[in-house]
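Undergrad: Provide a 3D model corresponding to the input given below.
(2 chains)
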Amino acid sequence: GENVEQHPSTLSVQEGDSAVIKCTYSDSASNYFPWYKQELGKRPQLIIDIRSNVGEKKDQRIAVTLNKTAKHFSLHITETQPEDSAVYFCAASRGPGTASKLTFGTGTRLQVTL
Amino acid sequence: DTEVTQTPKHLVMGMTNKKSLKCEQHMGHRAMYWYKQKAKKPPELMFVYSYEKLSINESVPSRFSPECPNSSLLNLHLHALQPEDSALYLCASSQYTLGSVEQYFGPGTRLTVT
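TA: Sure thing, here's the model as predicted:
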């Protein structure tokens, strides 16, 4: 089955700096890669995703890059703000076409300090 | 309506009790999921329903019994649970169509087994 590794497990940055979280996956058939943000006591929230036919996707301060050859993808957050503090999970799946089975990374706890 | 709702928010039950968790979505999604999340861990898939039929059971113990009465509702029946089953139980849904596999999570039910 799919295995997703995520690094680092914790990340502390100063407000305004950039944060980068990296994930690697094992299943070459995976073609959908979402990122979820989970604040303490709240639901995982989909913040950005990328499909295998795209190398990069950006949404305001958030961007995701995908290298299918190396089987890794990364989340980039620029100009970090205190409200970016949360746990971030990457995931991979073989969707679409079947009920999507997400395999999650182990999570990165991001802390943005003032 | 772009939200997945779950009830109850919190549940405390004894090991001999029978209780049910409820999940509802009105986005017309045809795939629904149950996940279990322990503290500081990623969500762990339990069950997947596609078009109201159980399509994936991740070898979950029989003390957890899922049910999908219709395309908008998903239940998880609990019986004879163990203290180690205490966790946040998340429901999610996704569109069962090609090209769209985003999963949207509900707020979860925090279950404590005493």
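Undergrad: need the residues of chain B near chain A, please.
TA: Neighbours of chain A within chain B, by Cβ under 8 Å from any Cβ of the partner chain: B:31, B:33, B:40-43, B:45, B:48-50, B:55-56, B:90, B:94, B:96-108. In this view, the C-beta of every residue, glycine as well, is placed from N, C-alpha and C.
Undergrad: neighbours around the closest residue to B:Ser65 other than its chain neighbours, how many?
TA: Among residues not flanking B:Ser65 along the chain, B:His77 sits closest, at 4.2 Å (Cβ to Cβ, 6 or more residues apart in numbering or on different chains). Neighbour count of B:His77, defined by other Cβ atoms under 10 Å in any protein chain shown: 13.
Undergrad: which residues does A:Gln14 contact?
TA: A:Gln14 is in contact with A:80, A:112-114, counting by Cβ atoms under 8 Å, 6 or more residues apart in numbering or on different chains.
Undergrad: Likewise for B:Cys68?
TA: B:32, B:49, B:52-54, B:74-75.
Undergrad: Mind checking what helix or strand follows the helix or strand bottoming out on mean pLDDT in chain B in sequence?
TA: Least confident helix or strand, chain B: strand B:53-57 with a mean of 91, by mean pLDDT, DSSP states H and E. The helix or strand immediately downstream of strand B:53-57 is strand B:64-70, counting by DSSP states H and E.
Undergrad: Inside strands: which ones of the contacts of A:Gln14?
TA: Within those, residues falling in strands by DSSP state E are A:112-113.
Undergrad: which one of the contacts of A:Gln14 sits closest to B:Pro8?
TA: Proximity of the contacts of A:Gln14 to B:Pro8 (Cβ to Cβ) peaks at A:Val112, which lies at 32.8 Å.
Undergrad: Surely the closest one and A:Thr80 touch.
TA: Yes: between A:Val112 and A:Thr80 there is a contact at 4.6 Å, judged by Cβ atoms under 8 Å.
Undergrad: quick revisit: from the contacts of B:Cys68, which is closest to chain A?
TA: Using Cβ to the nearest Cβ, the shortest approach to chain A within the contacts of B:Cys68 belongs to B:Tyr49, at 7.6 Å.
Undergrad: now stretch B:75-93, how far from the chain's geometric center?
TA: 7 Å (Cα atoms, centre = their mean, to the nearest Å).
Undergrad: thinking again about what came up before, overlap in contacts, A:Val112 and A:Thr80.
TA: A:13-15, A:19.
Undergrad: quick revisit: buried only: go through the contacts of B:Cys68 for me.
TA: Buried members of the contacts of B:Cys68, scored by 16 or more other Cβ atoms under 10 Å in any protein chain shown, are B:32, B:49, B:52, B:74-75.
Undergrad: quick one on the thing from earlier: contacts for the least confident helix or strand of chain B?
TA: Counting by Cβ under 8 Å, 6+ apart, residues outside strand B:53-57 touching it are A:98-99, A:101, B:45-49, B:66, B:68.
Undergrad: One more pass at 10 Å, please.
TA: For strand B:53-57, the surrounding residues in contact (Cβ atoms under 10 Å, 6 or more residues apart in numbering or on different chains) are A:98-99, A:101, B:31, B:33-34, B:45-50, B:64, B:66-68, B:96.
Undergrad: For chain A, which residues score under the pLDDT cut-off?
TA: Within chain A, the ranges that satisfy pLDDT under 70 run A:95-99.
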